[in-house]
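Participant: I'll drop the sequence and a predicted model, then ask my questions.
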Amino acid sequence: MDVKWVYFPLHPETPVEGRALSDLFRGRETEIAAFQDRMKQMAAEQGLPWGSRTMTWNSRRAQELAAWADTQPGGQKLHKALYEAYFVDGANIYDRDLLLELVAASGLDTSEAVRVIDERLFARFIDADWFQAREQGVTGVPTFMCKDLYVVGCQPYETLIRFVNHLRTLTPPETGA
């Protein structure tokens with residue numbers, strides 16, 4: 001089973017300067033701490049770090065850069081760096097200088113990354129992903145989908161295992177004939 005990243009804007013209206021979570025969840029501010037506690041626990045169960053951020057950031061530029069990284073040997077390292085910058089450190093992943101630091105730390109070509117950012121070389125790929133996500137009714141991240149079946153949102157590992165095992169029952173094994 002091949003895995004393909006499809007990028008999706010959870011809050012595309014987020015300005016480049018970011019938005020406070022208290023503003024994003026106005027009227028439901030008490031939910032923020034409970035959500036972060038739940039996420040921290042689920043991350044810890046999988047050995048992943050998780051911070052307590054107070055802001056949400058525009059992810060468009062990071063998504064374009066990540067799409068480029070998908071075409072580079074070792075590009076998956078940038079995905080990990082972006083995760084840690086955003087979810088652990090609470091950093092602004094729209095910030096050009098930060099993104100270039102992450103590219104360098106990931107061992108990718110920073111001069112090419114400058115071109116990707118400045119010339120928006122992967123904008124059309126992200127536009128296509130956003131369109132595909134809207135057409136397929138994606139409403140949360142992450143969303144795992146296969147054969148018109150979906151698992152939406154951060155889920156326990158066991159849920160994902162059940163999803164994959166269910167998909168295996170839908171696909172007959174290949175026979176060597």
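Facilitator: Arrived safely.
Participant: only C-alpha atoms for contact and neighbour calcs from this point on.
Facilitator: OK.
Participant: And the longest helix along the chain, how far out from the chain middle?
Facilitator: Using DSSP state H to define each element, the chain has its longest helix at helix 30-45. Relative to the chain's own centre, helix 30-45 is displaced by 17 Å; criterion: CA atoms, centre = their mean, to the nearest Å.
Participant: Would you mind pulling the contact partners of it?
Facilitator: 21-22, 25, 49-52, 154-156 (CA atoms under 8 Å, 6 or more residues apart in numbering).
Participant: Same check on stretch 157-173?
Facilitator: Contacts of stretch 157-173 (CA under 8 Å, 6+ apart): 46, 146-147, 151.
Participant: Now tabulate these in TSV and tack on pLDDT.
Facilitator: Shown next, in TSV, are the contacts of stretch 157-173 (pLDDT from 0 to 100):
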residue	pLDDT
46	84
146	81
147	80
151	84
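Participant: Counting neighbours, which of the contacts of helix 30-45 comes out on top?
Facilitator: residue 50 (21 neighbours; other CA atoms under 10 Å).
Participant: what's near enough to touch residue 151?
Facilitator: Per CA under 8 Å, 6+ apart, neighbours of residue 151: 143-145, 160, 163.
Participant: What residues are bridge-paired with it?
Facilitator: Beta-bridge partners for residue 151, by DSSP bridges, are residue 144.
Participant: Contacts only, for residue 50.
Facilitator: Residue 50 neighbours (CA under 8 Å, 6+ apart): 39-40, 43-44, 84, 87-88.
Participant: Where do the domain boundaries of the protein fall?
Facilitator: Domain ranges of the chain: 57-137, 142-177, per automatic domain parsing.
Participant: in the protein, which spans are helices?
Facilitator: Under DSSP H, the chain gives helices at 21-24, 30-45, 60-69, 76-83, 96-105, 110-118, 123-135, 157-170.
Participant: Need the max-distance pair from the contacts of helix 30-45.
Facilitator: Using CA to CA, the two most remote members of these are 22 and 156, lying 26.2 Å apart.
Participant: what's the closest of the helices of the chain to residue 7?
Facilitator: Per CA to CA, nearest to residue 7 of the helices of the chain: helix 123-135, 5.5 Å.
Participant: what mean pLDDT does the closest one have?
Facilitator: Mean per-residue pLDDT for helix 123-135: 93.
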